[in-house]
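Colleague: Turn this into a structure:
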Amino acid sequence: MASHGGGDLLEQLYREDFKGLKDMTKAQLAELVECDASYPVKQGYLTKQGGSWKTWKQRWFVLKDRLLVYYKTPQDTEPTGVIPVKGCVVGETPDAKKSHCFRIQSPSRDFYITASSKADMEDWISAIFAKSFGPKLAASSSAGLASKVNGQLRIIVKSGRDLVPRDINGYSDPFCVLLLEAEQFKTKTMLRTLNPTWNETCTFDVSFITSDLHVVVWDWDRFTPPDFMGQLKVPLADLADQQVHDKWIKLLQRRKNEKVSGEIRLELEFQYTKDEGDMDSVNRLFGVPLEEIVKRPHEKGDVPLFVEKATDYLERNALGAEGLFRVPGNSAEMKRLRAFIDQGKIDFETCNDPHVVGGVLKFFLRDLPEPLLTFALYKDFVAAAQLKSRRDALGAAMRTLQVLPRVNYATLERLMSFLNKVSKNGKINLMTAENLAIVFAPNLLRPPHMTQDVVMHMLHVNSIVELMISHFGTFFCGETYKDEVAEEELITPEEAEKAKQEAANESRTSTQNRTSGSRASWSEIVDPGSGKTYFFHELFGSTWSRPAELDPVEEEIPPPPPPPPASAEPVQDEWEQLCTDDGQVYYYNKQTGETSWTHP
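Modeller: Predicted coordinates for the structure are as follows:
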């Protein structure tokens, strides 16, 4: 990596998530350490796990302002390695085989380190956390709960510029998927543009200041799955509390040699307070495993009483509420309701806002230590979603569901029954099965740790949850699978390009052929993000306006030829079948003098 001088090298590496760190020489690492020209905050011997054999070796560690640097000995001038601490997650790992072990989850990778004593370990964790997120939060937090907050992130996805073209017409049809913790948001699709304007607002509840906002830009395509156009990541630790940040952020690749260009403009406002929840309450509900909840004396079955009462209330009062689960509830009201529930007071009848109850239900699912569909089955569900046929995907997902724990299965069945009813009122509440899947999928199915693959697989996770909602009867009631829409098998990108080229060649044969061909090739499609109808043509692309070719037109019937001379083959009594000079057949009535192109 080329040197950029001063602090620029360090800033560049942070922007690139330290992807080039492993390729740096010791001299370059020394230059990097010089960029962080702060005095050491803490230093001493620690034992670090590393190398291809995962061996444990003692190293001399020096904590600076933005880097944790380690050397073989205190006398060395060239570091053995560096760990970026800005925005990292640090905490004890009690399940580790080593004593006094803690883990640092940095932008580059995870590091496992042991200290000489519990007190020394806690000192290092506190010092690293203070440099990671600043003194505001660290000063009043214990090492174990330092990153736990009650917060909201308001985002306006404003626009994009200079995006990469993915379609044959030189444009793209971009849409954005935003993912934060266990919530996601999808923008509408902008058609035939490299400089889209969305201006869409969403709000995410935040539980950890250590979280990252992930944004992926996709190109919608009728023939194939969406094409990747770029991604970006915003660490919440970089956002000052209660300040509005309006910035253009560069899109990055998934892998080397991938063609990505352009920037996305986001407006971000993050507000949070330290979580003061009563962690010792015997009635505490949020953040408690399902198995523990259903064992409590007041519980009556395998489905938590909270889930039963919340879905029952919403079924009776909110099936017609527009944007149910998508529109955020009042933050203060949700916090108050959660506090009552954690005291064992599960009663929604005094609540006048269904969005508050819906928001608390989502929070309960998101805060489970393990998601409803479990960590262990994440890869199986993603593999099912990647099958080409919806029927095959549904079958594989149903087989995977059979190994869910009993309590998880029962709770999932109650939730899907309710969401199926919500989706059937989609014309009123605007929450189709697809829209509900976008809201609930990250809460129900995710792996233990957020990685780039998780972000890329979110569309697959969405499709599995959408299947469960729309085909609830097939999944849980033994009904025969019957898709409402004829299945359209995916074709390869090469086949798609060939089909487009053939359509283009055919359309140029004649003016008449192109007009009739374009009319036949226009399709009306409902955009899932906005609910609006747009029109797509294999050759001419997409448009929000209704094409003139789709307007009804009266076909002109050519006038019959003049009466022919008297030499004819009899057809029916007075009618005779004749031919024009160019071979077209027509019919002539000898008695009336009428002519007709069609058989009498």
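Colleague: okay, CA-based contacts and neighbour counts for the rest of this
Modeller: OK.
Colleague: Helix or strand next in line after the strand ranked longest in the chain, which one?
Modeller: Counting by DSSP state E, the longest strand found in the chain is strand 148-161. As assigned by DSSP states H and E, the chain's next helix or strand after strand 148-161 is strand 174-180.
Colleague: which stretches of the stretch 501-600 of the chain aren't confidently modelled?
Modeller: Residue ranges of the stretch 501-600 of the chain with pLDDT under 70: 501-522, 526-532, 534-545, 547-573, 581-583, 600.
Colleague: rewinding a little: by contact count, what packs against the longest strand of the chain?
Modeller: strand 197-208, strand 263-274 (3 or more CA pairs under 8 Å, 6 or more residues apart in numbering; DSSP states H and E).
Colleague: Turn those into a markdown table, columns for mean neighbour count and distance to L337.
Modeller: Output for those, formatted as a markdown table (neighbours: other CA atoms under 10 Å; distance: least, CA to CA, whole Å):
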| stretch | mean neighbour count | distance to L337 |
| --- | --- | --- |
| strand 197-208 | 19 | 15 |
| strand 263-274 | 20 | 17 |
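Colleague: Can you say which of these is nearest to T55?
Modeller: strand 197-208 (31.5 Å; CA to CA).
Colleague: For the helix or strand just after the closest one, name the packing helices and strands.
Modeller: Note on strand 197-208: by DSSP H and E, the next helix or strand toward the C-terminus is strand 212-219. On a contact count with 3+ CA pairs under 8 Å, 6+ apart, strand 212-219 meets strand 174-180, strand 227-235, helix 452-456.
Colleague: same thing but at 7 Å, please
Modeller: Here strand 212-219 touches strand 174-180, strand 227-235, going by 3 or more CA pairs under 7 Å, 6 or more residues apart in numbering; DSSP states H and E.
Colleague: May I have the first one exported as CSV, CA atoms only?
Modeller: The one in question is strand 174-180. Extracted C-alpha coordinates of strand 174-180, given in CSV (Å, rounded to 0.1, in the frame of the first residue of the first chain):
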residue,chain,number,x,y,z
PRO,A,174,-31.2,0.9,-8.5
PHE,A,175,-32.7,0.3,-5.1
CYS,A,176,-31.1,0.3,-1.6
VAL,A,177,-31.4,-2.2,1.2
LEU,A,178,-30.4,-0.8,4.7
LEU,A,179,-29.6,-3.2,7.5
LEU,A,180,-28.9,-2.3,11.2
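Colleague: So what touches it?
Modeller: Outside strand 174-180, the residues that touch it by CA atoms under 7 Å, 6 or more residues apart in numbering are 184-191, 212-220.
Colleague: can you do 6 Å?
Modeller: 184-190, 213-219 (CA atoms under 6 Å, 6 or more residues apart in numbering).
Colleague: Looking at these, spot the one nearest S117.
Modeller: L213 (35.4 Å).
Colleague: The closest one and H355: what is the separation?
Modeller: According to CA to CA, to the nearest Å, L213 and H355 sit 23 Å apart.
Colleague: Please identify which of the two sits among more neighbours.
Modeller: H355 (23 against 16; other CA atoms under 10 Å).
Colleague: State the number of residues packed around the closest residue to the more buried one other than its chain neighbours.
Modeller: Leaving aside its chain neighbours, H355 sits nearest to G329 (4.7 Å; criterion: CA to CA, 6 or more residues apart in numbering). Look at G329: counted by other CA under 10 Å, it has 19 neighbours.
Colleague: just to revisit the earlier point, quickly check the contacts of strand 174-180 for the two that are furthest apart.
Modeller: M190 and L213 (21.9 Å).
Colleague: My understanding was that D241 contacts Q271; is that so?
Modeller: Yes. Using CA atoms under 6 Å, D241 is in contact with Q271, at 5.3 Å.
Colleague: So the nearest residue to L194 once chain neighbours are set aside versus E267, what's the distance?
Modeller: Nearest non-adjacent residue to L194, counting by CA to CA, 6+ apart: L163, 4.9 Å away. The spacing between L163 and E267, counted by CA to CA, is 19 Å.
Colleague: Looking at the protein, which helix is longest?
Modeller: helix 406-424 (DSSP state H).
Colleague: Just the residues contacting that one, thanks.
Modeller: Applying CA under 6 Å, 6+ apart, the set of residues contacting helix 406-424 is D302, V303, L319, L372, M431, T432, A433, I469.
Colleague: how about the CA coordinates for it, as CSV?
Modeller: Extracted C-alpha coordinates of helix 406-424, given in CSV (Å, rounded to 0.1, in the frame of the first residue of the first chain):
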residue,chain,number,x,y,z
ARG,A,406,-40.8,-27.2,20.0
VAL,A,407,-41.2,-23.8,21.6
ASN,A,408,-39.6,-22.0,18.6
TYR,A,409,-41.9,-23.8,16.2
ALA,A,410,-45.1,-23.0,18.2
THR,A,411,-44.2,-19.3,18.5
LEU,A,412,-43.3,-19.1,14.8
GLU,A,413,-46.6,-20.7,13.9
ARG,A,414,-48.6,-18.2,16.0
LEU,A,415,-46.6,-15.3,14.5
MET,A,416,-47.0,-16.5,10.9
SER,A,417,-50.7,-17.1,11.3
PHE,A,418,-51.1,-13.5,12.4
LEU,A,419,-48.8,-12.0,9.7
ASN,A,420,-50.7,-14.0,7.0
LYS,A,421,-53.9,-12.2,8.2
VAL,A,422,-52.1,-8.9,8.0
SER,A,423,-50.9,-9.6,4.4
LYS,A,424,-54.5,-10.5,3.3
